[in-house]
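Enquirer: Pasting the sequence and the predicted model now:
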Amino acid sequence: MVEFDGIGHLPRDLVIEILTRLPSKDLCRLRCVSQSWRSLLTRDADFMSRHVELSKQKPLLLVRRYISDGTGELNNSKITVELTSIDLRGEVTDKFTRVIDGAVHAFVTCGPLSILCCMFSMYVCNPSIQQVARVPFRSNTRLYNVGFGYLPATKQYKIVHMFCRSLVGNGKMGCEIFSFGTQTGVGSGSWRTIGDCPFSAWTDEYPVCVNGIIYWALSSGWKDKSILSLDLEREEFSSISYPTHESKKYNFLEYIGLMGSLCVVGFSAEASTMDIWMLKGKKKKKNNENWAVEYSINLYPMCPKFLIPSDDQSDEILVHMEQKDLICYSLKNRTSEKIEYYRAMKTYNKPCLYYDSLIPMVTNGV
């Protein structure tokens, strides 16, 4: 714990409680007050953890836009990334740009941080403090299939990269992990190989992290579709079958994290309902008895287009509708709220949900 005195007659604990409720942008300015304030707002792990927990109560949308080099083409040398933060009232709260090496083909989020993955380079971004850091990369393969997760017990983020070792082989993929701490940033991290992934996980669907486990789709289509999982603590792979749904036809099936559980969300246009299965227990059985339909939501007359990744502990699900509306549905209260963001963001890519934090990147950020 960093030494920090109160202000006047206000005790230390009360001052810290007030400061943890301020946005990161304001806290960055307050680092200039004194050396003790700078230490508190830069190096105190308890303060930063408390700030993140309170920030989860006011999540933000992060939308991105890729700007060409002026020739009208997104070339492979340099690209400008514009990141815009929007609150759930639809108001823009912040915006900044960074130039990176190459076009972004994967954008993966985990809580307050995001990964921008190019063909041969990767960046970690904290939009709250407008810091972007390049991840040192040692593999000779192209960056394609990545995952991003967080382990609360060790306060570590882990980037997972799966790659094909050769054009021919047994279908298995190599796997390496880059780990870095919440206080020391990307500069403290390092890559290490953990062996082969026993499954082929080439997919266009984004991974999700729930309680320290990253999940990927293993195949396209609905028949025989399964989910690959990697336990970040044990660094062990396994697979899970999708829940059966013989009695109803779904227009889409997507997996997300909700209320601390892996969920599969299916929308049926025929019935105008959105069904949510939750995975029960830590042991995943090959049959479907660990899946249970916990919610069946009537969405008539709206038609969902896709889901927006959110905090895996939240009870709120964000759904982008064909009508170009963004709906936030609370599973706990069974109420929905419309978010007015789309009209001002027509040229932006699929948004994601994140929350404010002071987690630093590195001094050599872009």
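Expert: Perfect, thanks for sending it.

Enquirer: Pull the number of nearby residues for the nearest residue to residue 112 once chain neighbours are set aside.
Expert: Among residues not flanking residue 112 along the chain, residue 357 sits closest, at 3.6 Å (Cβ to Cβ, 6 or more residues apart in numbering). The C-beta positions use only the backbone N, C-alpha and C, and glycine is treated the same way. Residues lying near residue 357 (other Cβ atoms under 10 Å) number 21.

Enquirer: Residue 357: what secondary structure?
Expert: coil (DSSP: H, G, I helix; E, B strand; the rest coil).

Enquirer: show me the contacts for it.
Expert: 24, 48, 51-52, 55, 111-113, 126, 128-129 (Cβ atoms under 8 Å, 6 or more residues apart in numbering).

Enquirer: Could you rerun that using 10 Å?
Expert: Contact analysis of residue 357 by Cβ atoms under 10 Å, 6 or more residues apart in numbering lists 24, 48-49, 51-52, 55-56, 111-113, 126-129, 182.

Enquirer: hmm, which two among those are most spread apart?
Expert: Within those, two members stand farthest from each other by Cβ to Cβ: 49 and 127, at 19.0 Å.

Enquirer: Tell me which helix or strand the residue nearest the centre of the chain sits in.
Expert: Geometric centre of the chain, nearest residue: residue 109, 2.3 Å, by Cα atoms, centre = their mean. Counting by DSSP states H and E, the element that carries residue 109 is strand 106-110.

Enquirer: Looking at the residue nearest to the centre of the chain now. What's its pLDDT?
Expert: For residue 109, the model assigns a pLDDT of 90.

Enquirer: My read is that it contacts residue 125, right?
Expert: Yes: Residue 109 is within contact range of residue 125, at 9.3 Å (criterion: Cβ atoms under 10 Å).

Enquirer: Find the residues that touch each one of the two.
Expert: 62, 115, 354.

Enquirer: Could you double-check that the second one sits in contact with residue 123?
Expert: Which is residue 115. Yes: assessed by Cβ under 10 Å, residue 115 is found in contact with residue 123 at 7.1 Å.

Enquirer: Common neighbours of the two, please.
Expert: Common contacts of residue 115 and residue 123, defined by Cβ under 10 Å, 6+ apart, comprise 104, 135.

Enquirer: ok, and the most crowded of the shared contacts of residue 109 and residue 125?
Expert: The member of the shared contacts of residue 109 and residue 125 surrounded by the most neighbours (other Cβ under 10 Å) is residue 354, with 26 neighbours in all.

Enquirer: and it, what is it in contact with?
Expert: Residue 354 sits next to 55-56, 59-62, 85, 109-114, 125-128, 309-311 when contact means Cβ under 10 Å, 6+ apart.

Enquirer: who touches the nearest residue to it once chain neighbours are set aside in this structure?
Expert: Spatial nearest neighbour of residue 354, excluding adjacent residues (Cβ to Cβ, 6+ apart): residue 62 at 5.0 Å. Taking Cβ under 10 Å, 6+ apart, we find residue 62 in contact with 83-86, 94, 107, 109, 112, 114, 125, 127-128, 348, 351-355.

Enquirer: what do you get for residue 280?
Expert: The contact partners of residue 280, by Cβ under 10 Å, 6+ apart, come to 261-262, 289-292, 294.

Enquirer: Okay, it and residue 290: tell me how far apart.
Expert: Distance from residue 280 to residue 290, counting by Cβ to Cβ, to the nearest Å: 5 Å.

Enquirer: repeat for residue 59
Expert: Counting by Cβ to Cβ, the gap from residue 59 to residue 290 is 29 Å.

Enquirer: same deal with residue 40?
Expert: 44 Å.

Enquirer: which residues of the chain fall in helices?
Expert: 12-19, 24-30, 35-43, 45-55 (DSSP state H).

Enquirer: Which one, of the ones you listed, ends up nearest to residue 228?
Expert: Among those, helix 45-55 comes nearest to residue 228, with 28.1 Å by Cβ to Cβ.

Enquirer: what's the closest one packed up against?
Expert: If you count contacts as 3 or more Cβ pairs under 10 Å, 6 or more residues apart in numbering; DSSP states H and E, helix 45-55 packs onto helix 12-19, helix 24-30, helix 35-43.

Enquirer: any chance of the ones you listed in JSON lines, with mean pLDDT and mean neighbour count too?
Expert: Output for those, formatted as JSON lines (pLDDT from 0 to 100; neighbours: other Cβ atoms under 10 Å):
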{"stretch": "helix 12-19", "mean pLDDT": "84", "mean neighbour count": "14"}
{"stretch": "helix 24-30", "mean pLDDT": "91", "mean neighbour count": "16"}
{"stretch": "helix 35-43", "mean pLDDT": "83", "mean neighbour count": "16"}
